[in-house]
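Peer 1: Following is a predicted model, sequence given first.
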Protein chains: 4
Amino acid sequence: MKDEREALAGENLHEECGVFGMYDLDGNPVASEIYYGLFALQHRGQESCGIAVSDTKGPKGKVYVHKGMGLCNETFTPEILEGLYGNIGVGHVRYSTAGSSTLENAQPLVLNYVKGTLALAHNGNLVNAPALRRELEYNGAIFQTTIDSEVIAYHIARERVRTANVECAVANAMKKLSGAYALVIASPRKLIGVRDPFGFKPLCIGKKENAWILVSESCALDTLGAVFVRDVEPGEIVTINKDGIHSDKTMCLANRQKQARCVFEYIYFARPDSVFDGVSVYHSRIYAGRCLAKDSPVEADLVVGVPESGNAAALGYSMESGIPYGTAFVKNTYVGRTFIKPRQSSRISAVRVKLNVLKEAVAGNYDR
Amino acid sequence: MKDEREALAGENLHEECGVFGMYDLDGNPVASEIYYGLFALQHRGQESCGIAVSDTKGPKGKVYVHKGMGLCNETFTPEILEGLYGNIGVGHVRYSTAGSSTLENAQPLVLNYVKGTLALAHNGNLVNAPALRRELEYNGAIFQTTIDSEVIAYHIARERVRTANVECAVANAMKKLSGAYALVIASPRKLIGVRDPFGFKPLCIGKKENAWILVSESCALDTLGAVFVRDVEPGEIVTINKDGIHSDKTMCLANRQKQARCVFEYIYFARPDSVFDGVSVYHSRIYAGRCLAKDSPVEADLVVGVPESGNAAALGYSMESGIPYGTAFVKNTYVGRTFIKPRQSSRISAVRVKLNVLKEAVAGNYDR
Amino acid sequence: MKDEREALAGENLHEECGVFGMYDLDGNPVASEIYYGLFALQHRGQESCGIAVSDTKGPKGKVYVHKGMGLCNETFTPEILEGLYGNIGVGHVRYSTAGSSTLENAQPLVLNYVKGTLALAHNGNLVNAPALRRELEYNGAIFQTTIDSEVIAYHIARERVRTANVECAVANAMKKLSGAYALVIASPRKLIGVRDPFGFKPLCIGKKENAWILVSESCALDTLGAVFVRDVEPGEIVTINKDGIHSDKTMCLANRQKQARCVFEYIYFARPDSVFDGVSVYHSRIYAGRCLAKDSPVEADLVVGVPESGNAAALGYSMESGIPYGTAFVKNTYVGRTFIKPRQSSRISAVRVKLNVLKEAVAGNYDR
Amino acid sequence: MKDEREALAGENLHEECGVFGMYDLDGNPVASEIYYGLFALQHRGQESCGIAVSDTKGPKGKVYVHKGMGLCNETFTPEILEGLYGNIGVGHVRYSTAGSSTLENAQPLVLNYVKGTLALAHNGNLVNAPALRRELEYNGAIFQTTIDSEVIAYHIARERVRTANVECAVANAMKKLSGAYALVIASPRKLIGVRDPFGFKPLCIGKKENAWILVSESCALDTLGAVFVRDVEPGEIVTINKDGIHSDKTMCLANRQKQARCVFEYIYFARPDSVFDGVSVYHSRIYAGRCLAKDSPVEADLVVGVPESGNAAALGYSMESGIPYGTAFVKNTYVGRTFIKPRQSSRISAVRVKLNVLKEAVAGNYDR
C-alpha cells in the first residue's frame, strides 16, 4: 500500500492502476461483484474508477458504462450498479495524479469498432505510445484521450479488420506494443486477459461458482469469496467465452530470454495479502526486512515501520535482529483524496496532519 | 422556444442544439463570453453543455475543456471559467433526450489529430452518418461516442493528412456529408464556421470590439452586446484567424438548385428575438397567425396562445381577425429539467403542474 | 409573479413566503401532495423549502422533516418524499434573500414542547418581533434562528402550559403578535390555519377527496386537482381534526375597525391564476391597466408589459385605450437562483442576460 | 480508534464526540486551526461536524457557523473556512449513528440568549436529560434538537438572567446536570472549558504562540504544533479572555469522594498518541496486553491484534509472553462512512470487504 508515498509531490508513476474482469457463465449480473473487486483494488488508484458491462445473452453491442472521478463508493450508487446490467464486464481504478479534470481519461475505454463494441481496462505504461500515436495520426486517426488504452484499442481495431477473431487481433496488436501492460477486455461474447511478454504487471485468474475473474491482485479474490486459480503468464492471452476458459499457447508472446517484475508492486503498490507469481507480498516484505537486518545491523531499542507498507519490513528486521518491534507513528486514516488545505493560514504541515509521532513510544523511557 | 413541446414524449429530434464560437484578436479570454452566449442559447438544449478554449499565443495544442450534464449555470462555476484560459474557443448546448448517462456525447468534441488539436461543436443531423461510420470502421476506426460530430471529425482528420490547411480539409470532408449541419471548429490558430449546402440550420456572424463570433441565433449577440454582421451562407466556410475573417467563395459548396430551411426553427425552436437569413422569428410567427386568421376565420371572444411560441401567432391572429388577444394559461417556469415525480402517488398530472388554465379569463363572464 | 423585481438589489421584503398544510382524513400520505403544492407556490420563494409530516394514526410525536436550500425539485427526491410518511403535514417555500447559509432559518419550524411536537410554517412579518424576543430572553429563552416563527412558537408553547387545547394557546398567543401572518400548524392530531386580524396575507381552504388543504394561493389547488372551499377569514383560527373542519367564531380575533390587504400580492407576488378574498389577481391587474389608461392616456403605437406580472396590466391598458397590445421583451427563463457571474470579465449586464428587447417589435416599422 | 467496533450494528454509544475550542489573543482567525484540530479528532465522530467563530474585536454577537453531515474534508472548503472569520471559536465532530437526517443535531449549538450569542460543543451524555427537558417544557420551553447540548444551553441561559457573568451561570447550571460532559463554550468575549465533576470525559489545555486551545485529545495539539499545558480538572471551569486563562478554584465542582474515567477512551475511542490525565493511551494498551498475558497465558506461534486499537494490546501480550508479534489482518482503509451496498446481490460479506485475513501469516508454515 502506498500511503507513505502520498507525501511526496511531483511523482508521475501511473503504472499501478487496477483492473478487474468477470464473466458469469450462468448469466448473473456482475456489476456489483466488479464493484467489490474494485473496492479491494482501491489502493492502486483513487483518481477515477469505472465499470462497463454487457449481457452475453442480450443484443450484441449494448454496453452499459459508468465512470467517475474519485473513489468507488463516491462514484457508484445501488441505482447505478443496478443499471449496469450484464454478465460480462470489466472495471478499473486509476491512480490519482495531479492536474485538472481528467474524466475523459477514466477507464474502461468503451468503443465501437468493426465488430461491435469493446471495453478495455489497462494497467501499465507503453514506452512506445508516443511513436504509435504519431503513426496512427498520419493514417487519419483521432484521439480523444491521452491514455495508452486508446493506442492499444486502435491497434486491436485495425487488426480486427483482417483477423478471424479478437484474440488474434490482440495477439497481432501486442507485437507492436512495447512496455508494461496487463489488460482485461470485454467483447460482446468474450472476456480476454493479457499480460505483457515480460510480465511486468500482475494479472491473475480466479473463479467464483460458475464465474471467471481476471484481476490485478489476488486479495480481491478473497474479498469476493472467490478462489485463486493461477496467474496469467507473461505474454499469455487468456480467453473466457461461454464454453469456459482457453489459452492458446501458440499465441503466447512471452519473452523467453528475460522476465521482469515491477519491484514497486512488492515494495509498496500491492496489498500485503496479495500473492504475485507465487510470491506473497507480505513475505517478500518480511524477507526484505530480514535482509536489511543482515546487511545493515544496528544497535537500537526498537524497530518501527513507516505505515503501512513499512510495517512488514520492520517486523522482518525485528525478527532477524532480535530488536523489539514497536509502533512509533499514528496515521490519520481520514486524510484522503479530498483533503483540502485552508488558504487562510497554512502554518500546519500536511505531514503532521497525516502522521503523528507516538512520543511515548520513542521517548527515553521506552517500556520494554 | 419549445416549451409546449416538452409535454410530448418519445420525440427524437436532436437537431436543435446550439453552437457558439469566438476568437478575440486582442487576446482576451473568451470563456465567460461563450458562457453568456450559451446562456442565451439554452432554450436550444438542456441536456448537456460544454466549452473548449485554447490560447492562440500559447503553446499549440493546449486545449482546456469542460463539459457537464445539465444547464450552463449548473455546469460552470467562476473557478471553472477562469481555468478555461484562451482567446479562441467553441461552446455547445445539447437538446435533452431521454436515456441514461450521455456525458460522453456532450460537445464540443475535443481531439488530437495529425496537426494538433481540434474542438468541434455541431448542430444538425447527418442522414448518411450510419453509412459513414461503417465505412470508417472497415478502415480500422474506433468510435467513442454516438454523435455525428465524431464522424465529421474523422473525415476532417483523414483529409487533413493530405490537404494544405484545415479549411481545405473541411471542404473535402463536406463533400461526403449529407444532411443538416452548422459547425463551429477551433483549431490551434483558427476559428471556422460552416453551414451545410442547403442551409438547413442557422449560423450567423457577430462582432464585439475586436472579437469575432459565430453563433446559432442572433439573440445571443444582443446578450453579449455584440453587433450582428451577417449570416453564414449555405455551403460557406468562414475562417477567422489573426488577420481577421475570410471566406473563400471558390470553396463554397452551396446547393445552387435548392435551398431549404428547418421550419421548426421559425415555429418553435428559436427565440422570437432572433433573425435568420433576414427573417425575424417574431414577425414570422405574427405572420403565421395572420395567415391562419385568413385561412381559418372563426367567431370567438378571445385569442390565446399556448406559451411560449404560440403567443406571437395568437397575437397575429388577433391583429388580423380583430378578436381580442388575451392570456389563458399560466406557466410554472420552475418546472425544469430536474422536475422529479414522487413515486408515492402520482395522482397529479404533470401537465397541470406545468400549465394552469386561467379560469377567470375564459369563464363565461370574460371581461372585455 | 415577481420576475421584474429580481433585477432590483438590496430589497428586503420577506413577506411573500408560501405555506401549505394538508390533513388526509383517510390516512393517505400527504408529502407528495404537499410537494406539488409547494411547486405551485415556488414563485413565492426560492431560497429554501421544507416539508414536515406526521401520522395521526402513528405514535404521537413522531415527525419527519426535510428542509433544504433551493427549489423544491432540488431539495426533494422520490426517496426523501417516501421517507416523509404521514397523513398530516405542512410545507413552506421561503423567499430568496441575499446572505450566507441560512438553512437554520428554513421552515417549517419543528419543535418539541410540553404537549409533544409542533410543526409551524409562517408567511408574513411581525412588527413587534424584536420586542417579543427581548422579553422572552429575559425569561431565559434561547433562540436558534432569526425567523419570526420561533417567536410565535415560543408564545404558543408558553400558552399551551395553561390552556385546554392548542387552538386556545394559538388564540392567546395571537393577542401578543402584531403584524402580518398566515400560519399553518401541524400538531400530532390537528392541522391549524391562522390569518392575522387585518388579513394582510392570504390563506385559503381547499378540499381534495377526503383531505383538507390550507394554502397561501388558490392556484395550488388547481395544480392538485382540489376544489376551492373558501378563504380563511382575517383573525380566524381554523382547526382540522379527524372529525373534519371547525372554526370557533368566538375565538376569531378579526379587527372589526379595519381590514388591510398586502397590495403587492395583487401587483406582483401572486400568480395571476390565484383568487384572494374573492378578487382574481388576473382581473385586478387587467383592471389596474384600464385605470391607468383612464388616468394617464398616451398616444402610442403599442402597449407592452414587462414580464411577467406587467403583461396583464398592459393588456388592460390596451383594452381601455384601443392601442394594440404587443410583446417587446423576451425573457430568458433559464436564469434562475443559481445564476453565476464569471469573475473573469463582467462586461455583460445581468439585465441583458435575463431580458432582451425584441427590436423587431419596437423598431420604426412595427407591423400593425 | 474504533475501527473494530464499526462492524457491530445497533450500538448506541454517543459519548465519544470530539470538541475543540480556540482563542487567539493576537486576533488571528482560528477557523483553519479548528479545522485541523477536528481533523485530528475525526476518529471520535464521522456523522457530522461544525465550526462556530466570532471576532472578539468585532461587533458583539456576530457569529459565523458552518455545520454539515460527514467528515471535515467533505464539509469544509477553503472558501467556507475563509468566511468563518473570527479569533474565538469552537468546533465539534459527532459520532455516526444510524438514522435519518440529523443535521439539526449537528454541533456546535449556536444560540441567542439574554446576553447575546453562545456557541456550545459537548462531548458526553447527561443521565438526567429527559427529566430536565420535561421540567423545562413545563416552563414553556421549546426544543428544536434532541441533543443534550440544548438542555445545557437552556440552563445556562436561565441562570445568566440572574448571575454576574457567564462562568457563574455555567457553574450554577452544572449543579443540575448529572452525567458525563466535556464542554467548550464561546461567548462573545470568552472561551470556556468545563469537565464534569467525575471527570468522565477528557479535556485538556494547549497553547500555540499566543492562542489558547481546549481539546478532547492531546494528539490534536501535536497536529497543530501546539504545546500541551495541562488537563482540565474534573469539575473545573476554565475561562480564557483577553487577559489570558483563569480558573476560579472556588467554583470547581469536582466530586471529592469519587473520580471516574470512561474506560472505553483507553480501550478504543482515543488515538494511541493521546495522553489523558497523565496516562498514555498507547502505554495503557501495551499494559493491558501485558496483564492479559499474565492472567491468561497461552501457547501460540503468533500474537496478532485486530486493527487498529488491538495492535498495541497484542504488542504488550507479545512483550510479556515472548510469543512473536505479527500481522494477520489487512484493513481496507477506503471503506468509509459512505460505503454503499449494492442491492443487486449481497453475497459479499461486509466484514470481508473491510478486513481480510493475511493467510500467508497464519497458515501452518508461518515464517518465524
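Peer 2: Cool, got the structure.
Peer 1: Pull the distance from the lengthiest helix in chain A to the chain's centre.
Peer 2: For chain A, the longest helix by residue count, based on DSSP state H, is helix A:281-295. Centroid separation for helix A:281-295 versus its chain: 24 Å, with C-alpha atoms, centre = their mean, to the nearest Å.
Peer 1: Low-confidence stretches in the stretch 201-350 of chain A?
Peer 2: Low-confidence segments of the stretch 201-350 of chain A, defined by pLDDT under 70, span residues A:336-349.
Peer 1: All the strands of the stretch 1-150 of chain A, residue numbers only.
Peer 2: A:18-24, A:48-54, A:63-69, A:88-94, A:109-113, A:116-123 (DSSP state E, counting those that start in this stretch).
Peer 1: related to what we said a few turns ago, ok, residues contacting the next helix or strand after the longest helix of chain A?
Peer 2: Using DSSP states H and E, the helix or strand that follows helix A:281-295 in sequence is strand A:303-304. Residues from elsewhere that reach strand A:303-304, judged by C-beta atoms under 8 Å, 6 or more residues apart in numbering or on different chains: A:314-315, A:317-318, A:321, A:323-329, A:361-362. All C-beta atoms are positioned from the backbone trio N, CA, C, and that covers glycine.
Peer 1: Can you tell me which helices and strands the longest helix of chain A packs against?
Peer 2: If you count contacts as 3 or more C-beta pairs under 8 Å, 6 or more residues apart in numbering or on different chains; DSSP states H and E, helix A:281-295 packs onto helix A:309-321, helix D:359-362.
Peer 1: Count the residues that sit near the closest residue to chain B within the stretch 1-150 of chain A.
Peer 2: Closest residue of the stretch 1-150 of chain A to chain B, C-beta to the nearest C-beta: A:Gly140 (3.5 Å). The local packing of A:Gly140 (other C-beta atoms under 10 Å in any protein chain shown) involves 21 other residues.
Peer 1: again with the one 5 residues further on
Peer 2: Applying other C-beta under 10 Å, we find 19 other residues in the vicinity of A:Thr145.
Peer 1: Stretch A:312-332 and chain D in contact?
Peer 2: Yes. For stretch A:312-332, a contact with chain D is found by C-beta under 8 Å from any C-beta of the partner chain, at A:312, A:315, A:319, A:324-327, A:330, A:332.
Peer 1: and which of those residues is nearest chain C?
Peer 2: Closest approach between the residues of stretch A:312-332 next to chain D and chain C, by C-beta to the nearest C-beta: A:Asn332, at 27.4 Å.
Peer 1: Now do the same contact list for the closest one.
Peer 2: Here A:Asn332 is in contact with A:353-356, D:39-40, D:42-43, D:223 (C-beta under 8 Å, 6+ apart).
Peer 1: hmm, 7 Å instead?
Peer 2: Contacts of A:Asn332 were listed using C-beta atoms under 7 Å, 6 or more residues apart in numbering or on different chains, and they are A:353-354, D:39-40, D:42.
Peer 1: A:Thr163 is in contact with A:Ala171, isn't it?
Peer 2: No. Using C-beta atoms under 7 Å, A:Thr163 is not in contact with A:Ala171, being 8.4 Å away.
Peer 1: More neighbours: those two, which one.
Peer 2: It is A:Ala171, of A:Thr163 and A:Ala171, that has more neighbours when counted by other C-beta under 10 Å, with 21 against 17.
Peer 1: The residue of the stretch 151-300 of chain A at minimum distance from chain B sits in which helix or strand?
Peer 2: Here the stretch 151-300 of chain A gets closest to chain B at one residue, A:Arg158, 3.5 Å apart by C-beta to the nearest C-beta. Element membership of A:Arg158 [criterion: DSSP H and E] is helix A:148-160.
Peer 1: Report the next helix or strand after that helix in sequence order.
Peer 2: The helix or strand immediately downstream of helix A:148-160 is helix A:166-174, counting by DSSP H and E.
Peer 1: List the residues that contact A:Pro297.
Peer 2: Neighbours of A:Pro297 in contact, by C-beta under 7 Å, 6+ apart: A:Ser321.
Peer 1: and it, how far is that from A:Tyr317?
Peer 2: With distances taken as C-beta to C-beta, to the nearest Å, A:Pro297 is found 9 Å from A:Tyr317.
Peer 1: same question, A:Gln46
Peer 2: The spacing between A:Gln46 and A:Tyr317, counted by C-beta to C-beta, is 30 Å.
Peer 1: Pick the most deeply packed of the helices and strands packed on helix A:281-295.
Peer 2: Ranked by mean neighbour count, the helices and strands packed on helix A:281-295 are led by helix A:309-321 with a mean of 23 (mean count of other C-beta atoms under 10 Å in any protein chain shown).
Peer 1: And the contacts of that helix?
Peer 2: Counting by C-beta under 7 Å, 6+ apart, A:1, A:4, A:267-268, A:272, A:282, A:285-290, A:292-294, A:297, A:303-305, A:324-325, D:326-327 sit against helix A:309-321.
Peer 1: does the residue lying closest to A:Val279 once chain neighbours are set aside sit in a helix, a strand or a coil?
Peer 2: Leaving aside its chain neighbours, A:Val279 sits nearest to A:Tyr266 (7.4 Å; criterion: C-beta to C-beta, 6 or more residues apart in numbering or on different chains). The three-state label given to A:Tyr266 by DSSP: H, G, I helix; E, B strand; the rest coil is helix.
Peer 1: does A:Tyr266 really touch A:His283, like I thought?
Peer 2: No. Contact criterion C-beta under 7 Å: A:Tyr266 and A:His283 do not qualify, at 9.8 Å.
Peer 1: Would you mind telling me which of those two has more residues around it?
Peer 2: Using other C-beta under 10 Å, the more surrounded residue of A:Tyr266 and A:His283 is A:Tyr266, with 22 against 19.
Peer 1: Which positions in stretch A:299-306 come out as buried?
Peer 2: Buried residues in stretch A:299-306, counting neighbours by 16 or more other C-beta atoms under 10 Å in any protein chain shown, are found at A:302-306.
Peer 1: Ignore what I typed, I meant stretch A:111-129.
Peer 2: A:111-126, A:129.
Peer 1: Repeat that for stretch A:260-278.
Peer 2: Buried, per 16+ other C-beta under 10 Å, within stretch A:260-278: A:261-262, A:265-276.
Peer 1: re the thing from before, could you check the longest helix of chain A and say which residues are buried?
Peer 2: Counting neighbours by 16+ other C-beta under 10 Å, one finds that the buried residues in helix A:281-295 are A:281-290, A:292-293.
Peer 1: circling back: just the strands of the stretch 1-150 of chain A: most buried one?
Peer 2: strand A:88-94 (a mean of 32).
Peer 1: I'd like to know which elements that strand is packed against.
Peer 2: For strand A:88-94, the elements it packs on are strand A:18-24, helix A:31-40, strand A:48-54, strand A:116-123, strand A:182-186, judged by 3 or more C-beta pairs under 7 Å, 6 or more residues apart in numbering or on different chains; DSSP states H and E.
Peer 1: Just give the closest residue to the one residue in the stretch 101-250 of chain A that gets nearest to chain D, not the sequence neighbours.
Peer 2: The minimum distance from the stretch 101-250 of chain A to chain D, using C-beta to the nearest C-beta, falls at A:Asp222 (5.0 Å). Nearest residue to A:Asp222, sequence neighbours excluded (C-beta to C-beta, 6+ apart): D:Asn356, at 5.0 Å.
Peer 1: Tell me the residues on the stretch 51-200 of chain A that lie near chain B, please.
Peer 2: A:66, A:83, A:100-101, A:111-114, A:137-138, A:140, A:142-144, A:153-154, A:157-158, A:161 (C-beta under 7 Å from any C-beta of the partner chain).
Peer 1: if you set the cut-off to 6 Å instead, what comes out?
Peer 2: Residues of the stretch 51-200 of chain A that fall close to chain B, judged by C-beta under 6 Å from any C-beta of the partner chain: A:111-114, A:137-138, A:140, A:142-144, A:153-154, A:157-158, A:161.
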